[in-house]
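Enquirer: next come a sequence and a model predicted from it.
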Amino acid sequence: MASYCMLCTTGSWKFPLTLGIIGILIGAIFLLFPNLSLTLVIYFFAAIALIVGILLLIAAIFLARDSGSFFAVPLVLGVIAVVLAVYSFINPESIAAFLAIMIGVGCIIAGLIGAFNALFQPAPVIRRALLATGGFLLAGLGIIILLFLQHSVILIFQLLGAFLIIAGVVALIGAVVMAVRCRSNEPGVIDADFREI
């Protein structure tokens, strides 16, 4: 999460502060209420799949009128998305393993991208090292999720919650450091006399 602070081009401390607060809140919910979090994430996934499926079916209808046989791809993908969404609403427990695989793969990809991106950022060495370490830890978490998939998904949500809390705290510390630097760089009062010649 802290690597997203690099996306802030204005140098404002408000972006990492907001990101840190959101990370801590979501992490606390995942850590303290893993069953509720899992259920909400599955229903959220099902709602997104349903919306995407309906949009793909609508796109297939418009493509069928205009471009002949090109409508088959969005039609098939739309049907798959709608079926997956309905199945998720009916049987959310069976979607948990699939969701854990998606979370694991997502953690690996995001962690490696964040780590390698941090290594090549024009930033102080300590900051790059912290961001790279966070990225590699996130990728390691993804590997652990994929290796121990047969164990409870609840543990995965608790681990993600702990990681989000730590990342949120790091983002808050970064926001405080940025705010202090901004205040120390502000110019003081300039006492000058203007004389007409």
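Expert: Arrived safely.
Enquirer: can you give me the helices in this protein?
Expert: Assigned by DSSP state H, the chain shows helices spanning 14-32, 34-66, 72-90, 92-119, 125-147, 153-185.
Enquirer: any chance of these in a markdown table, plus mean neighbour count?
Expert: Any C-beta I mention is one placed from the backbone N, CA and C, and that applies to glycine too. Converted to a markdown table, these look like this (neighbours: other C-beta atoms under 10 Å):
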| stretch | mean neighbour count |
| --- | --- |
| helix 14-32 | 18 |
| helix 34-66 | 15 |
| helix 72-90 | 16 |
| helix 92-119 | 17 |
| helix 125-147 | 17 |
| helix 153-185 | 17 |
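Enquirer: need those in TSV with mean pLDDT, can you?
Expert: TSV is the format used below for the helices of the chain (pLDDT from 0 to 100):
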stretch	mean pLDDT
helix 14-32	88
helix 34-66	86
helix 72-90	88
helix 92-119	83
helix 125-147	84
helix 153-185	83
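Enquirer: would you agree Phe163 is in contact with Gly27?
Expert: Yes: the pair Phe163 / Gly27 is scored as a contact, 7.1 Å apart, by C-beta atoms under 8 Å.
Enquirer: how far does stretch 170-185 sit from the chain's center?
Expert: 23 Å (C-alpha atoms, centre = their mean, to the nearest Å).
Enquirer: same check, this time on stretch 123-140
Expert: 16 Å.
Enquirer: can you show me the CA trace of it as CSV?
Expert: Taking C-alpha atoms only, stretch 123-140 is exported to CSV below (Å, rounded to 0.1, in the frame of the first residue of the first chain):
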residue,chain,number,x,y,z
ALA,A,123,13.9,8.2,-4.1
PRO,A,124,16.1,7.9,-1.1
VAL,A,125,17.7,4.4,-0.5
ILE,A,126,15.9,3.8,2.8
ARG,A,127,12.5,4.6,1.2
ARG,A,128,13.2,2.3,-1.8
ALA,A,129,14.4,-0.5,0.5
LEU,A,130,11.2,-0.2,2.7
LEU,A,131,8.9,-0.2,-0.4
ALA,A,132,10.8,-3.1,-2.0
THR,A,133,10.7,-5.1,1.3
GLY,A,134,6.9,-4.4,1.5
GLY,A,135,6.4,-5.6,-2.0
PHE,A,136,8.4,-8.8,-1.5
LEU,A,137,6.5,-9.5,1.8
LEU,A,138,3.2,-9.1,-0.1
ALA,A,139,4.4,-11.5,-2.8
GLY,A,140,5.5,-13.9,-0.1
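Enquirer: ok, residues contacting that stretch?
Expert: The contact list for stretch 123-140 (C-beta atoms under 8 Å, 6 or more residues apart in numbering) reads 1-3, 6, 107-108, 110-119, 121, 163, 167, 170.
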